[in-house]
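Peer 1: My questions concern the predicted model and sequence given below.
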Protein chains: 4
Amino acid sequence: MATEGNAAPAGREGDRKKTILRAAIEVFATKGYHGCRIADVAKEAGVAYGLVYHYFKNKDELLQSVFQHAFEGFVGKLRELAASPAPLSEKVQAIADYTFESYRRDPRAVRVLILQIMRSPAIGGANRQNAFVEIIRLNVEMFSQAQRKGELRPDLDPVLAAALLFGTVEMGLTAFVAGLYDAQDPEALARAKQQIAQTFLRGALGAEGSAEAEWKRDKSGTKLKAAKRS
Amino acid sequence: MATEGNAAPAGREGDRKKTILRAAIEVFATKGYHGCRIADVAKEAGVAYGLVYHYFKNKDELLQSVFQHAFEGFVGKLRELAASPAPLSEKVQAIADYTFESYRRDPRAVRVLILQIMRSPAIGGANRQNAFVEIIRLNVEMFSQAQRKGELRPDLDPVLAAALLFGTVEMGLTAFVAGLYDAQDPEALARAKQQIAQTFLRGALGAEGSAEAEWKRDKSGTKLKAAKRS
Amino acid sequence: MATEGNAAPAGREGDRKKTILRAAIEVFATKGYHGCRIADVAKEAGVAYGLVYHYFKNKDELLQSVFQHAFEGFVGKLRELAASPAPLSEKVQAIADYTFESYRRDPRAVRVLILQIMRSPAIGGANRQNAFVEIIRLNVEMFSQAQRKGELRPDLDPVLAAALLFGTVEMGLTAFVAGLYDAQDPEALARAKQQIAQTFLRGALGAEGSAEAEWKRDKSGTKLKAAKRS
Amino acid sequence: MATEGNAAPAGREGDRKKTILRAAIEVFATKGYHGCRIADVAKEAGVAYGLVYHYFKNKDELLQSVFQHAFEGFVGKLRELAASPAPLSEKVQAIADYTFESYRRDPRAVRVLILQIMRSPAIGGANRQNAFVEIIRLNVEMFSQAQRKGELRPDLDPVLAAALLFGTVEMGLTAFVAGLYDAQDPEALARAKQQIAQTFLRGALGAEGSAEAEWKRDKSGTKLKAAKRS
DNA sequence: CATGAATGAGTCTTCATTCAT
DNA sequence: CATGAATGAAGACTCATTCAT
């Protein structure tokens, strides 16, 4: 189509860097940190070997960028969701929805985020730790507020609640990533994200989402706790 | 030959292999798969370079053994717990207890298991997939049985339930590993493992352990749960 | 052809080449042949990367030009001084004066000449060899003539004399370059260049400039050699 | 011949490091800093590529060692000569003799020292500077003492004297290295080293070695200076 | 069993040079 | 003329694995 085109190599220019980054994500997601050789990234991106070094100082910086790319948008959205004025139950469901939606849209990026980056101590120690902690903190704030508003059972530590929400959503997602479910099946994804959110909410609230929480109804019931272990 | 050897340094040997394995776990836990060089392991073990190759065919086998060591006992115990005739709620609590107890006993091994092995696609593909899937399967069986016995709400997919239990426990533990809690504080560990199990149970069952489950109240059948703790 | 151009930045150009050459000298003087990367030269010159290749065919030609620039004027002047009809002692002093004056005027160019080019076997073999040999030859001619005129002791090989003059001046200068003396101190420079020339002359002539040389006084004694060690 | 030998690769073991070092000197001397590729060194030494890295941390350290090796013995001997109680004239001659003797014995090592290391800013800046300065210092001490003992004309700065001695000897040697003289001719070498030392001594003392110095004899003679430029 | 020197293929990284705009 | 993105060959460095002692 290109009116003046004389066989431009690939697509428009300027975002060659993005092409490389995308390729890096692809290779990284597929082969992991080990197998992610610069040569493969270059080949995948359809560029010369040296060009990678034109845009990224070295392999580490490239992988760091992969991290940033995969993490930034995701956490940004999470922060937004967590800060919304909606009731806790809706926010939790929204978080699960968004996570699964992200996965459906770009499985590889999420794979990288979930399977590679989140756990690898090899990726810029600081960032990794921060990644986990940042997501937790995000939710801690949300749960603390919810607790003050009486939306969360008072005996559940907000920090723990945040970790558990993260764990629940992440491992639910992992079930798809690992192939226990068909990641191509929209139905399955939809069902899962709802069950995940609702299960967590029941656990955290003591009763299902919108319903009155059991521990709320049963005012007398300090025994709930007592019963647990007595 | 040589009941005591003639050039044997001092103490008895043979557990030289264990020394190396332990060192491998240490290095693996600290630096991850990438940073785990044979040289480091040898140094950590205070052993000659080449000796590692006397006991392990190659790096992969060594890492496989690390995996085995960290995984075997753990999963074996889990299997045992999951197969016990106890009610689901007790089994879940027992799983959480055991996991945390393992962590308290040998944080590094659990770190390796949780943070490295569980997620790394770089470790003998088969094993990794198996690791995750095996733990899930373990619990799937448990949850399926529980569901047949009416111990688990019928609308929750057993596979998902298994994943969520794993995620809840794992991420709860990760909160300690990541330093959000003081891993040296027995109190904190005890509180956490209980909250984790109970939160999951509330979510999975729809109500707290001994209490009447919401979805049960709606129906006729009250007996199963009531029996558990009464 | 656009008397003033239409997109020409501001001032007139054409000495862009000189800018680059100057930058090359600077970088070359500072980092030596190895560290002298095209990119550095371009940056130092405040010029686009590829522009260097407009004016210089390749790195070698650029460095060759640096060589030319630093060497041409210098040797030209030396040749002139050496060919002058003045007595040897004056010529030698003039050579020392000129060398030090050149250094004072443009230390970097002389640094390059003295420290880099003169010794590097890496710079176009032909040129390098020529550089050293040419300077020597220059002086050889001067000393041969002087010897014929009886201005130089007859037992000193003119070639060696030339090398020694060069060595004396060069190392005297190097003392400044190396920081043993304050290169900013005109006094020190003036004193040095005089002592250097006079010391060489005493050595080459056997006595100071105008004074009667020892070997001259001792007409009988062609046995100079014998005297030396007796 | 090896009584128990079963075709040992090359020579006795243990000094494999020296083999590599020697090879490095060879390659370094021949091709200069640029052309000195690790692969070449390994090949020259007849060892595997990686072995170089077994003994030397990296290329820089290897080249640094080449430097050390070439410099250490040389300077050690110089220090010894300079510190001897012999009269200055003998010491100077001894220094010239030793330098030329070193060259005759191992031209390559001296080539490296004189042509490559002494001038290249690319070789561990500190060491290089130190190399030059250290040699100068060595001689400075010698000349200072000589001056106190009246062996050196009082108007010549010891530091400058040291630099000039170094320059005279070095450039005299360079004449051989550069091919102006036949380096294989013992006669030429012998003549040169003597002329070099004596020329320097005449210059520095104002008269020939053992003879009474002109400036000593002619006490009144301040005119020597005056005559120079009048 | 134990040691650690030796090997070399696999990768990362640099940088001179080209080229489309 | 100017620009700086693109190329790729050259060479440094790592590290799993082998082997003679």
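Peer 2: Looks like it arrived, so ask away. Numbers count the residues shown, from 1 in each chain, chains lettered A, B, ... in the order given.
Peer 1: Domain map for chain A?
Peer 2: Following automatic domain parsing, one gets these domains for chain A: A:13-56, A:66-209.
Peer 1: want to throw these into TSV with mean pLDDT?
Peer 2: Below are the domains of chain A laid out as TSV (pLDDT from 0 to 100):
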stretch	mean pLDDT
domain A:13-56	90
domain A:66-209	86
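Peer 1: and of the ones you listed, who's closest to chain D?
Peer 2: With C-beta to the nearest C-beta, the closest approach to chain D among the domains of chain A belongs to domain A:13-56: 20.2 Å. For the C-beta atoms, the positions are set from N, CA and C on the backbone; glycine is no exception.
Peer 1: Report whether that closest one contacts chain B.
Peer 2: Yes. Contact of domain A:13-56 with chain B (C-beta under 8 Å from any C-beta of the partner chain) involves A:K31, A:G32, A:Y33, A:H34, A:G35.
Peer 1: Of these, which belong to helices?
Peer 2: Mapping the residues of domain A:13-56 next to chain B onto helices (DSSP state H) picks out A:K31, A:G32, A:Y33, A:H34, A:G35.
Peer 1: Any quick PyMOL command for the buried ones out of these?
Peer 2: Buried residues among these (16 or more other C-beta atoms under 10 Å in any protein chain shown), as a PyMOL selection:
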select buried, chain A and resi 32+33
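Peer 1: nearest to C:R16, of the ones in helices among the residues of domain A:13-56 next to chain B?
Peer 2: Nearest to C:R16 out of those is A:Y33 (C-beta to C-beta; 46.6 Å).
Peer 1: how close does A:A197 get to C:I95?
Peer 2: Counting by C-beta to C-beta, to the nearest Å, the gap from A:A197 to C:I95 is 90 Å.
Peer 1: ditto for A:T199
Peer 2: For A:T199 relative to C:I95 (C-beta to C-beta), the value is 94 Å.
Peer 1: And for A:S84?
Peer 2: Taking C-beta to C-beta, one finds A:S84 at 85 Å from C:I95.
Peer 1: Who has more neighbours out of those two?
Peer 2: C:I95 (24 against 12; other C-beta atoms under 10 Å in any protein chain shown).
Peer 1: Could you double-check that that one sits in contact with C:A82?
Peer 2: Yes. Look at C:I95 against C:A82 with C-beta atoms under 8 Å: they come within range, at 7.3 Å.
Peer 1: returning to what we had before: turn the domains of chain A into CSV, columns for distance to chain D.
Peer 2: What follows is these, written out as CSV (distance: least, C-beta to the nearest C-beta, whole Å):
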stretch, distance to chain D
domain A:13-56, 20
domain A:66-209, 23
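Peer 1: Would the helix or strand harbouring A:R79 count as contacting DNA strand E?
Peer 2: Assigned by DSSP states H and E, A:R79 belongs to helix A:59-83. Yes. Contact of helix A:59-83 with DNA strand E (C-beta under 7 Å from any atom of the strand) involves A:K59, A:D60.
Peer 1: For chain A, what lies in contact range of DNA strand F?
Peer 2: A:P9, A:E13, A:R16, A:V47, A:A48, A:Y49, A:G50, A:L51, A:Y53, A:H54, A:Y55.
Peer 1: For the fifth one, grab the count of nearby residues.
Peer 2: When you say that, I think you mean A:A48. Number of residues near A:A48 (other C-beta under 10 Å) recorded here: 11.
Peer 1: For A:V41, see how far away it is.
Peer 2: 11 Å.
Peer 1: Check chain A for the residue nearest chain D and tell me.
Peer 2: Nearest residue of chain A to chain D: A:N58, at 17.1 Å (C-beta to the nearest C-beta).
Peer 1: before we move on, the earlier item: closest one of the residues of domain A:13-56 next to chain B to A:L62?
Peer 2: The nearest member of the residues of domain A:13-56 next to chain B to A:L62, counting by C-beta to C-beta, is A:Y33 at 11.4 Å.
Peer 1: The closest one contacts A:L63, doesn't it?
Peer 2: Yes. Here A:Y33 reaches A:L63: they are 7.1 Å apart, a contact under C-beta under 8 Å.
Peer 1: Skip the chain neighbours and tell me the closest residue to A:T30.
Peer 2: Nearest residue to A:T30 in three dimensions, chain neighbours excluded: A:R108, at 7.7 Å (C-beta to C-beta, 6 or more residues apart in numbering or on different chains).
Peer 1: How many neighbouring residues does the one you found have?
Peer 2: Neighbours of A:R108 under the rule other C-beta under 10 Å: 16.
Peer 1: now do A:E26
Peer 2: Here the number of neighbours of A:E26 (other C-beta under 10 Å) works out to 19.
Peer 1: residue contacts, it?
Peer 2: Listed by C-beta atoms under 8 Å, 6 or more residues apart in numbering or on different chains, the contact set of A:E26 reads A:E44, A:R108.
Peer 1: For it, give me phi and psi.
Peer 2: Backbone torsions for A:E26, taken as degrees, to the nearest 10, come to phi -60, psi -60.
Peer 1: For A:G46, see how far away it is.
Peer 2: To A:G46, A:E26 is 12 Å away according to C-beta to C-beta.
Peer 1: Using the three-state scheme, assign A:L156.
Peer 2: Following DSSP: H, G, I helix; E, B strand; the rest coil, A:L156 is assigned to coil.
Peer 1: What's the separation between it and A:V169?
Peer 2: Per C-beta to C-beta, A:L156 is found 17 Å from A:V169.
Peer 1: Which one's more surrounded, these two?
Peer 2: Between A:L156 and A:V169, counted using other C-beta under 10 Å, the more crowded position is A:V169 (24 against 20).
Peer 1: mind checking which helix or strand that one is in?
Peer 2: In this assignment (DSSP H and E), A:V169 forms part of helix A:158-177.
Peer 1: so A:V112 sits right up against A:I25, yeah?
Peer 2: Yes. Assessed by C-beta under 8 Å, A:V112 is found in contact with A:I25 at 5.8 Å.
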